[in-house]
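> My questions are about this predicted structure, shown below with the sequence.
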Amino acid sequence: MNHHIVPLKIYFAIFAALMAGTALTVWAAFQDFGEFNTLVAVVIAVVKAALVVLFFMHVKYSDKLIWVFASAGFIWLIILFAFTLMDPMTRDWLPVGAPLPM
Amino acid sequence: MAESRNPLAHHFDSLEQQYAAAKLGMWSFLITEVMMFGGLFLGYILYRCRFPEVFAQGSHHLDIKLGAFNTAVLIVSSLTMALAVHAAQEGRKQATLTYLFFTLMLGLTFLGVKVIEYSDKYQHHLIPGARFLWSEGDAGPPQLFYSYYFCMTGLHAIHMVVGAGLLLWLMALTARNRFSPAYYTPIEMVGLYWHFVDIVWIFLFPLLYLIGRH
Amino acid sequence: MSSPFALFPERASTMAWSVDALFLFILWISIFFTVGISAAVVYFAIKYRRKHDDEVPVQIEGHLGLEILWSVIPLILMMVMFFWGTKVFLQLVVSPADATPIYVVGKQWMWKIQHPDGRREINELHVPVGEKFRLIMTSEDVLHSFFVPAFRTKMDVVPGRYSSLWFEATREGVYHLFCAEYCGTSHSGMTGRVVVMSPADYAKWLSGQAPAGPAGGAMADVGAQLFTAKACNTCHDGRPGALGPPLAGTFGHSVTLADGSEVVVDEGYIRESILNPQAKLVRGFQPVMPTYKGQLSEEEILQLITHIKSLKSVEASGEKP
Amino acid sequence: MKEESAATVNYLNCDYSIRSWLLTVDHKRIGIMYLLAVTVFFLIGGIMATLFRFELSTAAGDLVTAETYNKLFTLHGVVMVFFFLIPSVPAVLGNFVLPLAIGAKDVAFPKLNLLSWYVFMIGGGITLFVALTGGLDTGWTFYTPYSSTYATTDVLSAAIGVFITGFSSILTGLNFLVTIHKMRAPGMTWMRMPLFVWALYATSLIMVLATPVLAITVALLAVERATGIGIFDPALGGDPVLFQHMFWFYSHPAVYIMILPSMGVISELVATFCRRRIFGYSFVAASSIAIAVIGFFVWGHHLFLSTQSVYAGMVFSFLSFLVAVPSAVKTFNWTATMYKSSVSWQSPMLYVMGFMGLFLVGGLTGVVLATLGLDVHMHDTYFVVAHFHYIMVGGVLMGYLGGLHYWWPKITGRMYSEAWAKVSALLVFVGFNLTFMPQFILGYLGMPRRYYAYPPEWQTLNVLSSAGASVLGVGYLIPVIYLLWSLRHGKPAPANPWGGKGLEWTIASPPTPHNFEKPVIVTEGAYAYGEGGHGHG
Ligand code: HEA
Ligand code: HEA
Ligand code: CUA
Ligand SMILES: [Cu+2]
């Protein structure tokens, strides 16, 4: 079989980027970006995850079908989040009842 | 080199077809994993939006150093796993074995650290349930945080344990010359799995350990 | 309450006809499509019935225009349903500002209703005709759902959260109240009635003049009716595993309390048990009995006591008192 | 093709040992093992339904206690949904037919296929164990906090049983996806695939994407139940409505796991028994995918009254209407296929006609429920019960039975009694309507579901319904008898008894162990009836 063999250089570069990303996210956690704190952390995590998926998991070198499957997982995850959270996020738009006593 | 046993199963026409099927199957499986962890993340997000302060307080009881250390451990293990696949592709048996072994050791290190962290939670009465103790007001929401902490890291840890088993199995097969540059599908598939488990942790670490540290 | 062959429940609220009209609209569309398509299927099946075995019909690939037609027409119809349905929904769930509040607590397996002036009712809701009410509801334990078919309205009752429902009754009468969300063993016993009265009757009822049962019945009989009417029997039905202790034959005997002490069941104890049940807990039972304070007149409590006294348990009859 | 002589080796007679069955990796044998398992589950679920239908023939609860009643309908729901309907068409007919229909020797992962059967049996075993040791009384929806805190029955084991069974479904879906992508015979392009295969593809997508969420949901329920930690517990600030979202994220798409394969079967049957390529083939194929995808966006229509936000309710209602469009497309195309065709009145076609009528009623009442203003009144009444039985029993089960009759000669190599098949199709149709039509009326009158006693004025309608259920029961019993009978006494089946055009009809009945003796090369689309005559209607 002739599969794409990823050059070692790339593996090490990605590894370095992931380690840097970890340091970055720890550093960022101690900075105050106001309401963007979580967003920053999540963006860094998404970038790291994307690097793993594309290079360590070879998606960059795989055929279209694998791309589609890999993306489908994450798209459906977003559907799950978005459509579920839509409910609690819009509770006071037209209240069905008074707010929760908490 | 390769043993006499033919890696091509009867219902496939070619090794190429068999490999493509395995790969697609593995990715389908990973999708199911994404959705399964997704259900946990969903509840976590909802409750974190509802009780932001409590979740921040809860996360302050987690050890950020151990968390960061474990993140690094997993990233290194992902690298060694990738190198193992690389070595298998080139048919270097000894290197494959070595890299698989390193990956396994790193995985076990991760689990060891997790044990330390869990027992610390136990001593501080942070295990949700009847023994849960919380001095800073209503113990309800903090329990939710720890319930999610344990469910999420617990499910992740179970995946690590399964992964460790798979690595042992691969090492046994490699030692028995089951693989060749023409057929190393299991190593690559376990690799995909291992990287996926790494990705889960890449999200768990900031979400659980790093809230509101500033 | 309605005849066995009715197709629609009574329409007893301002919203009832709005809902029924919408339903009839969709019903007729549904009947049109069901009958139309079924008729076509049967007609084709008969008309183009296979006559001999090697018949080969003409092949028809498809028709783009038809595909569009039969996607778009249902879609348009459904958009009408969507907008109409949403309009009715908003009317149903958004209560008018001038509605009088009534507080409802659902618990396994009863409805506890409290009016602002402090009057309480269990499994019963008395309202006058022509006035708007808003029910503010929560649950003590699991999910329930407050459902009055004659008003075409319903809303889940959720622990830890308030939900609400409003209605304006338009017809005097007695209507079903159901718990529509499964809530455990006696889910189907979690029923009651909504009594819609004329303003005059309602005023009379408010002042406590309304007779509790058939006037002139024996006290114990009236008490027996009350025992059912006030849902005592849902817990004190005497069966093993019931929520409350069996009451038959207890009068004059002593019972053991949760703290180990003993107390003799007499009139005073029963009275206290009804009005302040948590004060003396019977051993082996949960403190779940609701207080009936403010819902039973002195007369009614006495009627209940006479009823309980009159209950003889089978085993106890041989014993020395 | 010639009729095979009895001496030929086929997948049934190649090895008779029990071991050869229990360890088989042949998709055809696994299909049969599923057939046996789901039939048993169906009978169990059906007997429970019969019992509680008897109970409901009087207004007061008197035959069984309220507890028993609750356990009966809960297990009825759990068994019928998770152990009968979801595996019925895909795991029985799909397993048997899919590789044959695309010209493959087997599914992509035969061992996984067998594993999936064992996982199914273990999950089913645990659930039956629960039935024997006290039952389960939460309703099949497991709503918290009743299930997590208040129920005294063995929710924990039941949740574990459902969790495990979920993996069986996941593995089957995964297997089918890969099979359809990677195992098609040369020349079998996507637009040449039979519509049943398209439907299975859409189904598998849902299985893979939705089932894991159910798994984690019941797993969390089990954990909460076992350890008392709070996940959905309102006392700790948890949200019981979150559970409902997670449950329906799976369980709504799951209703399409049930209906889509059945719709695929109907497409096959219409084509064969009308000798006609399905009208608007590409639209029917695409509508399967559309149903699968849009079906993921509508789950909130089960939560209209759960105190979900009004805004979310409106969005979910709107999308619920959209998902009805592809179903409409299918219905109209099937009808159009019959136009100017050559309709054979053999029993599978009778099931098709039954399906069409009942599915229409079920689907259209689904649209009624998706209308916000109406669901307020109808939610959790018998109207809902009638809606889903019309689709699940009237639709899916009809399709399943139709398909079972259609492929029976291929599966067993025997013909069944056509006359009895017609009788049972008719009985099922009549009994079904008698059972569930009164429930629509009851529902609109306000009879809540899961009630074991009800106001006396509704007794007449309930008696009708119970009577219908007995007719229905007999209707289902007859096929069990004559199908079993045919195994021994039925005429040997020819390779292609119906004049079907699928690849499965080009090989012997029953097929040989590896399906195709010669390499398959596909040169034409599915349903290539009659050359010439490509007219437009
Ligand atoms: C196989 C199973 C199956 C299928 C396919 C469906 C299909 C649909 N269902 Fe159903 N449903 C269930 C099984 C199923 N359902 C179950 C089990 C429950 C109850 C669960 C529980 O609580 O226990 C339920 C409950 C349920 C509810 C919640 C009711 C409540 O609890 O209050 C709703 C509400 O929107 C709904 C809607 C729909 C819709 C819009 C469709 C649509 O997909 C239907 C589309 C089909 C058609 C519309 C027919 C063909 C169309 C035409 C011929 C065109 C003409 C049409 C128009 C002009 C409208 N269903
Ligand atoms: C796939 C799914 C499926 C199937 C096939 C059925 C089949 C049937 N169902 Fe059910 N049903 C559900 C899924 C299904 N159901 C679900 C999900 C619920 C909701 C549960 C909940 O609320 O949690 C439900 C609830 C439900 C209720 C509401 C209970 C309540 O809310 O209180 C009722 C009431 O009539 C009912 C009736 C029936 C009947 C009469 C059949 C019949 O079709 C069954 C016919 C089959 C047989 C009878 C067995 C085979 C025959 C024999 C063994 C011969 C011997 C028998 C005789 C001669 C009578 N079902
Ligand atoms: Cu309360 Cu059902
Ligand atoms: Cu649904």
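Noted; the coordinates are in hand. Ligands and ions are numbered 1, 2, ... in the order given.
> Is stretch C:72-81 in proximity to ligand 1?
Yes - Stretch C:72-81 comes into contact with ligand 1 (CB under 6 Å from any ligand atom), by way of C:74, C:77-78. Where you see a C-beta, it was placed from the backbone N, CA and C, and this is true even at glycine.
> is it true that B:Gly91 touches B:Pro181?
Yes - assessed by CB atoms under 8 Å, B:Gly91 is found in contact with B:Pro181 at 4.3 Å.
> mind listing the helices in the chain by residue range?
With no chain named, the answer covers chain A. Ranges of helices in chain A, per DSSP state H, are A:8-29, A:37-51, A:64-89.
> Correction: the question concerned chain C.
C:16-47, C:64-93, C:199-206, C:219-229, C:232-235, C:267-275, C:298-310.
> Give me the contact list for the last one.
What that stands for is helix C:298-310. C:212, C:219-224, C:226-227, C:230, C:232, C:247, C:250-251, C:267, C:270-271, C:274-275, C:296 (CB atoms under 8 Å, 6 or more residues apart in numbering or on different chains).
> how far away is the residue located most distally from the centre of chain C from D:Lys410?
Within chain C, the residue lying farthest from the chain centre (CA atoms, centre = their mean) is C:Asp54, at 62.8 Å. Distance of C:Asp54 to D:Lys410, computed by CB to CB, to the nearest Å: 22 Å.
> ok, now D:Gly431?
28 Å.
> more neighbours, these two?
D:Lys410 (25 against 21; other CB atoms under 10 Å in any protein chain shown).
> Let me see the confidence value for A:Asp92.
Looking at A:Asp92, its pLDDT is 63.
> Revised request: answer the last question for D:Gly500.
Per-residue confidence (pLDDT) for D:Gly500: 88.
> pretty sure it is touching D:Phe273, no?
No - at 9.2 Å, D:Gly500 does not count as touching D:Phe273 under the criterion of CB under 8 Å.
> of those two, who's got more company?
More neighbours surround D:Phe273 than the other of D:Gly500 and D:Phe273, with 28 against 23 (other CB under 10 Å).
> who touches that one in this structure?
D:343-344, D:346, D:348-349, D:352, D:498.
> Work out for me the element it sits within.
Here D:Phe273 sits within helix D:240-274, counting by DSSP states H and E.
> what about that helix and ligand 2, touching?
No - under the criterion of CB under 6 Å from any ligand atom, ligand 2 is not reached by helix D:240-274; the shortest gap measures 7.0 Å.
> Report the angle between that helix and helix C:16-47.
Counting by axes from the mean of the first three to the mean of the last three CA atoms, to 10 degrees, helix D:240-274 lies at 20 degrees to helix C:16-47.
> And the helix or strand just after helix D:240-274, how far out from the chain middle?
Next helix or strand after helix D:240-274 toward the C-terminus (DSSP H and E): helix D:281-294. Its chain's average C-alpha position is 18 Å from that of helix D:281-294, according to CA atoms, centre = their mean, to the nearest Å.
> contacts for helix D:281-294?
C:61-62, C:67, D:191, D:193, D:195, D:198-199, D:201-203, D:205-206, D:253, D:256, D:259-260, D:263-264, D:267, D:278, D:319, D:322-323, D:325-327, D:329-330, D:333-334, D:525-527.
> Tell me what angle it forms with helix A:64-89.
Going by the same axes, to 10 degrees, helix D:281-294 makes 50 degrees with helix A:64-89.
> Can you mark which positions in helix D:281-294 are buried?
For helix D:281-294, burial by neighbour count (16 or more other CB atoms under 10 Å in any protein chain shown) applies to D:281, D:283-285, D:287-294.
> re earlier: out of the residues of stretch C:72-81 next to ligand 1, which is most surrounded?
Tallying neighbours with other CB under 10 Å puts C:Met78 at the head of the residues of stretch C:72-81 next to ligand 1, with 23 neighbours.
> ok, and of the contacts of helix C:298-310, which contact chain D?
Among these, no residue sits close to chain D (CB under 8 Å from any CB of the partner chain).
> Of those residues, select the buried ones using a PyMOL command.
Per 16+ other CB under 10 Å, the buried members of the contacts of helix C:298-310 correspond to this PyMOL selection:
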select buried, chain C and resi 212+220+222+223+224+226+227+230+232+247+250+251+270+271+274+296
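> Residues of the stretch 51-200 of chain D that sit close to chain C?
So the stretch 51-200 of chain D meets chain C at D:61, D:66-67, D:70, D:137-139, D:141, D:143, D:145-146, D:149-151 (CB under 8 Å from any CB).
> mind giving me a markdown table with these and columns for secondary structure and pLDDT?
A markdown table is the format used below for these (DSSP: H, G, I helix; E, B strand; the rest coil; pLDDT from 0 to 100):
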| residue | secondary structure | pLDDT |
| --- | --- | --- |
| D:Gly61 | coil | 76 |
| D:Ala66 | helix | 88 |
| D:Glu67 | helix | 89 |
| D:Asn70 | helix | 93 |
| D:Asp137 | coil | 92 |
| D:Thr138 | coil | 93 |
| D:Gly139 | coil | 93 |
| D:Thr141 | coil | 94 |
| D:Tyr143 | coil | 94 |
| D:Pro145 | coil | 90 |
| D:Tyr146 | helix | 93 |
| D:Thr149 | helix | 88 |
| D:Tyr150 | helix | 90 |
| D:Ala151 | coil | 90 |
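> Please point out which parts of the helix or strand of chain B with the lowest mean pLDDT sit buried.
Between all helices and strands in chain B, the lowest mean by mean pLDDT, DSSP states H and E belongs to helix B:52-60, at a mean of 84. Neighbour counts using 16+ other CB under 10 Å place B:54-59 of helix B:52-60 among the buried residues.
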